[in-house]
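Trainee: only geometry, no sequence info:
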């Protein structure tokens, strides 16, 4: 790579926003294009592809090596494992924290993050917007200047919100309008968002700033649907139906569009908020898109799927892998390393006499059923990858693990920056039980155990925790 130019690491490079942004970036920078299947793409003059699984901090560190600036276009609303247990909010915490810590280690001087407009007047935010704001705070937690570009509905041929809106208009002969269709938003053309993201690179004016961006028109969702119907040459009858709840709307939109519930549900929940540019969060040069909604919508509909850059290697082999992510409170004065050790001892106490745990002098652990010499799982503590804020255990054995395939399986306890909460996560776990049997037995038991552990930490007397710490955590079991 030509080191005279800035080197930009671009996450989500194979996505539709990433693809369009990469075309802009390569005119003035060198690009490290990051994707889960990056090894399947060919490098070009200004682009080097790298495979990266951001659920792995080690992968994130390797991916950002040699970069000066990093662009974060990541969200976890779509599952990445065959069985995913946990909310997208908690998975977003892991992705953002790995990325931010890796950026710190590799000397990244600027992070650029595409987020959603956060209405300050709202008494409570939707899960989707709350998660976007939490991610922004995590990216800022390690001292790297973060430029956050907050957009509402992005009008483009792919993605989430606009394609769903277009499918509703295309497939319905008439439409019952819930109350959220009266909510105001400020849609912005894909090319205007990409332009602002591109202009943010190495831009001192936007360093460590959060700015809202929007198009030239403020519209309701009903008005947008009417415009889209006109472009399609379709007569769409609309009838106000204010009695339709958000829950009914989610089911209705999912049924009509065929989109996944992981994508539809968080987006519909966010439609109760007005997504318009807020004056106090604008920049005179970079906040105001110039493309009218009608022109942006027409371009998006005309291009449709034809603009998609199909990758012949985009399929993934079938893996019976598991990701399970849960959030638990951290008692005052404790850290993630303490939570990990306490969990292992609590597990034995709660499931006594059926489950036994044994922790050695280096904190590695065996979890057994009745007999300690026949472990269900063996967990090997990774001292070099652990800190007080993150305890990492590799799943290295036990008859519940497929030891031939379980190469990257791991259990981690991670503190959320600036919060008294931890994420407890299993990644890339390959169970030995037949898949159907595992899904409805072991997986369900694990979820139940984690719910009980969370409730225990929420309600336990601090003095009980302190006594337990002195009795059980001072020495190996």
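Mentor: Looks like it arrived, so ask away. Since we're looking at a predicted model, the values are computed, not measured. Numbering: from 1, shown residues only.

Trainee: Could you look up the SS state of residue 79?
Mentor: coil (DSSP: H, G, I helix; E, B strand; the rest coil).

Trainee: Can you give me the pLDDT of it?
Mentor: pLDDT recorded at residue 79 is 74.

Trainee: OK, contacts around it?
Mentor: 262, 323 (CB atoms under 8 Å, 6 or more residues apart in numbering). Backbone N, C-alpha and C define where each C-beta goes, glycine included.

Trainee: separation between it and residue 321?
Mentor: 11 Å (CB to CB, to the nearest Å).

Trainee: Let me see the ranges of the helices in this protein.
Mentor: Ranges of helices within the chain are 16-25, 57-63, 88-105, 127-140, 161-171, 190-200, 221-232, 246-257, 261-270, 293-303, 336-350, 435-440, 442-459, 462-468, based on DSSP state H.

Trainee: From residue 251, how far out is residue 267?
Mentor: 14 Å.

Trainee: okay, these two: which has more neighbours?
Mentor: The neighbour count for residue 267 versus residue 251, taken as other CB atoms under 10 Å, is higher for residue 267 (19 against 15).

Trainee: Surely that one is in contact with residue 132?
Mentor: No - with contact defined as CB atoms under 8 Å, residue 267 does not reach residue 132; the gap is 11.8 Å.

Trainee: residues touching the closest residue in space to residue 285 that isn't next to it in sequence, list them.
Mentor: Setting aside the residues directly before and after it, residue 285 is nearest to residue 205 in space (CB to CB, 6 or more residues apart in numbering), at 7.6 Å. Residue 205 makes contact with 283, 285-286, according to CB under 8 Å, 6+ apart.

Trainee: so of these, which ones are in strands?
Mentor: Per DSSP state E, strands hold no members of the contacts of residue 205.

Trainee: For ChimeraX, write the selection for the buried entries among those.
Mentor: Remark: buried members of the contacts of residue 205, expressed as a ChimeraX selection using 16 or more other CB atoms under 10 Å:
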select :283,286
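
Trainee: now the contacts of residue 205 in JSON lines, with distance to residue 326?
Mentor: Converted to JSON lines, the contacts of residue 205 look like this (distance: CB to CB, whole Å):
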{"residue": "283", "distance to residue 326": "39"}
{"residue": "285", "distance to residue 326": "43"}
{"residue": "286", "distance to residue 326": "39"}
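
Trainee: With respect to residue 459, which of the contacts of residue 205 is nearest?
Mentor: residue 283 (46.8 Å; CB to CB).

Trainee: Kindly provide the distance from that closest one to residue 152.
Mentor: Where residue 152 is concerned, residue 283 sits at a distance of 16 Å (CB to CB).

Trainee: Same question for residue 341.
Mentor: 45 Å.

Trainee: These two: who's more crowded?
Mentor: residue 152 (25 against 21).

Trainee: quick one: contacts for the nearest residue to the more buried one once chain neighbours are set aside?
Mentor: Once flanking residues are discounted, residue 152 sits nearest to residue 275: 3.5 Å by CB to CB, 6+ apart. Residues near residue 275 by CB under 8 Å, 6+ apart: 116-117, 119, 152-153, 183-186.

Trainee: Wait, residue 221 touches residue 168, no?
Mentor: No - with contact defined as CB under 8 Å, residue 221 does not reach residue 168; the gap is 9.7 Å.

Trainee: neighbour-wise, which of these two wins?
Mentor: residue 221 (22 against 19).

Trainee: In this structure, where is pLDDT below threshold?
Mentor: Residues of the chain meeting the criterion pLDDT under 70: 1-3, 77, 121-123, 304-318, 371-373, 462-477.

Trainee: How much space separates the residue nearest to residue 152 from residue 246?
Mentor: From residue 275 to residue 246 the distance is 16 Å (CB to CB).

Trainee: one step back: of all the contacts of residue 275, which two lie farthest apart?
Mentor: Across the contacts of residue 275 (CB to CB), the longest gap, 14.9 Å, separates 116 and 184.

Trainee: okay, the two: which has more neighbours?
Mentor: More neighbours surround residue 116 than the other of residue 116 and residue 184, with 25 against 14 (other CB under 10 Å).

Trainee: Isn't that one up against residue 153?
Mentor: No - taking CB under 8 Å as the definition, residue 116 is not a contact partner of residue 153, at 9.4 Å.

Trainee: Show me how the record splits this protein into domains.
Mentor: 7-307, 322-473 (automatic domain parsing).

Trainee: roughly how far is the last one from the heart of the chain?
Mentor: Relative to the mean C-alpha coordinate of its chain, domain 322-473 is positioned 22 Å out (CA atoms, centre = their mean, to the nearest Å).

Trainee: Likewise for stretch 291-307?
Mentor: Distance, stretch centre to chain centre, for stretch 291-307: 27 Å (CA atoms, centre = their mean).

Trainee: Next, count neighbours for the closest residue to residue 97 other than its chain neighbours.
Mentor: Using CB to CB, 6+ apart and skipping the chain neighbours, the partner closest in space to residue 97 is residue 138 (5.4 Å). Using other CB under 10 Å, residue 138 has 24 neighbouring residues.

Trainee: Could you number the chain from 809 rather than 1 from now on?
Mentor: Shifting the count to begin at 809 puts that one at residue 946.

Trainee: I'd like the distance between residue 946 and residue 952.
Mentor: 11 Å.

Trainee: same check, this time on residue 1104
Mentor: Distance of residue 1104 to residue 952, computed by CB to CB: 32 Å.

Trainee: which of these two has more neighbours?
Mentor: Neighbour totals were compared for residue 1104 and residue 952, and residue 1104 leads with 23 against 17 (other CB under 10 Å).

Trainee: picking up where we left off before, of the contacts of residue 1083, closest to residue 1188?
Mentor: residue 924 (39.7 Å).

Trainee: which residues sit in contact with residue 1023?
Mentor: Counted by CB under 8 Å, 6+ apart, residue 1023 has contacts 963, 994-997, 1000, 1097-1101, 1104.

Trainee: any idea which of the contacts of residue 1083 is closest to residue 1156?
Mentor: residue 924 (43.4 Å).

Trainee: Spit out the contact partners of that closest one.
Mentor: 936-937, 940, 958-960, 1078, 1083.

Trainee: Between those, which sits nearest residue 1159?
Mentor: Distances from residue 1159 to the contacts of residue 924, taken by CB to CB, are shortest for residue 936, at 36.0 Å.

Trainee: doesn't residue 1072 make contact with that closest one?
Mentor: No - using CB under 8 Å, residue 936 is not in contact with residue 1072, being 11.0 Å away.
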